[in-house]
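Asker: sharing a model prediction with you, sequence too.
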Amino acid sequence: MAGTSLRFGPRTERCQQRRGARGCRSFPGRSSEGWLARPGDGLGVARPLCVPGVPWAWAPDETEAVQAAERLAGADGGVVMKAYWPGLAHKSAVGAVALDLRGPEQVRCAYRDLSRRFGDRMTGVVIQPLAGRGTELFAGVVQDAVFGPLVLFGLGGTATEVLADHSARLAPLTDVEVQELM
């Protein structure tokens, strides 16, 4: 499975207006594992809104991880490997990210290391080209027991918890509310 992860950049209003509402209405959003539970699920929401992204590939095993890395290696040849299992939210906090991997041997070594450390709970890895520096963002939806679906948006990465620079709105959201949230 290949796709693009969310990476915010300039928005194109015309594209959002033309495709956004249609795409979001048609996105089923819920799998048997929950809302946006699998790698790439968020793309069903992001693509119609013309949110640009970084290419990625899903690899359930070492061989596919090597093949994905060869396909997606950035201009400098580096890739990132991120372990995945349902419920994993803060990959860097648990050491589930391998950075700047170059060549098949480093990819194999990183996959084996992640597999050894996380065992059967790891269902595979996401491979992406090594991205340039920038601001990492997060967007998410949680089901609040009292209020229902709550949409979150804010500063991502390791700074998410430390800086607490985020906002939340109750779903459903209008396009104006989404802009205010961001």
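Answerer: Sure thing, it's come through.
Asker: find the nearest non-adjacent residue to L114, please.
Answerer: A83 (4.6 Å; CB to CB, 6 or more residues apart in numbering). In short, each C-beta sits where N, CA and C put it, glycine included.
Asker: for A145, phi and psi?
Answerer: phi -60, psi -30 (degrees, to the nearest 10).
Asker: now do the helices in the protein.
Answerer: Taking DSSP state H as the criterion, the chain carries its helices at 13-15, 21-26, 43-46, 62-72, 103-118, 159-163, 175-181.
Asker: E180: neighbour count?
Answerer: 12 (other CB atoms under 10 Å).
Asker: same question but for E105, I mixed them up
Answerer: 10.
Asker: and it, what does it touch?
Answerer: Going by CB atoms under 8 Å, 6 or more residues apart in numbering, E105 touches no other residue.
Asker: what's the burial count for the residue nearest to L114?
Answerer: A count of neighbours around A83, defined by other CB under 10 Å, yields 24.
Asker: just checking, it touches R116?
Answerer: No - counting by CB atoms under 8 Å, A83 does not reach R116; the two are 11.1 Å apart.
Asker: out of the helices of the chain, which is closest to H90?
Answerer: helix 159-163 (7.8 Å; CB to CB).
Asker: ok, for G103, nearest residue in space, not its chain neighbours?
Answerer: G77 (7.5 Å).
Asker: give me the pLDDT value at that neighbour.
Answerer: Reading off the confidence values, G77 has pLDDT 89.
Asker: likewise for the one 4 residues further on?
Answerer: According to the model's per-residue confidence, M81 sits at a pLDDT of 97.
Asker: do Q67 as well
Answerer: 98.
Asker: shaky segments in the protein?
Answerer: Within the chain, the stretches falling below the threshold (pLDDT under 70) are 1-38, 40-52, 158-159, 161.
Asker: separation between the residue of it most remote from its centre and D165?
Answerer: Distance from the centre of the chain peaks at V146, with 27.2 Å (CA atoms, centre = their mean). Distance, V146 to D165, using CB to CB, to the nearest Å: 24 Å.
Asker: now swap in P149 and tell me
Answerer: 22 Å.
Asker: and the two? which has more neighbours close in?
Answerer: A count of neighbours by other CB under 10 Å puts P149 above the other of P149 and D165, at 15 against 11.
Asker: okay, and the beta partners of that one?
Answerer: Q143 (DSSP bridges).
Asker: residues touching it, list them.
Answerer: W35, V141, V142, Q143, L170, A171, P172.
Asker: of those, closest to V126?
Answerer: W35 (18.6 Å).
Asker: can you count the residues close to L114?
Answerer: 23.
Asker: bridged to the spatially closest residue to T160 that is not a sequence neighbour, which residues?
Answerer: Excluding its sequence neighbours, the residue lying closest to T160 (CB to CB, 6+ apart) is F138, at 6.1 Å. Legend: beta-bridge partners of F138 under DSSP bridges are G154.
Asker: fine by me, we can end here.
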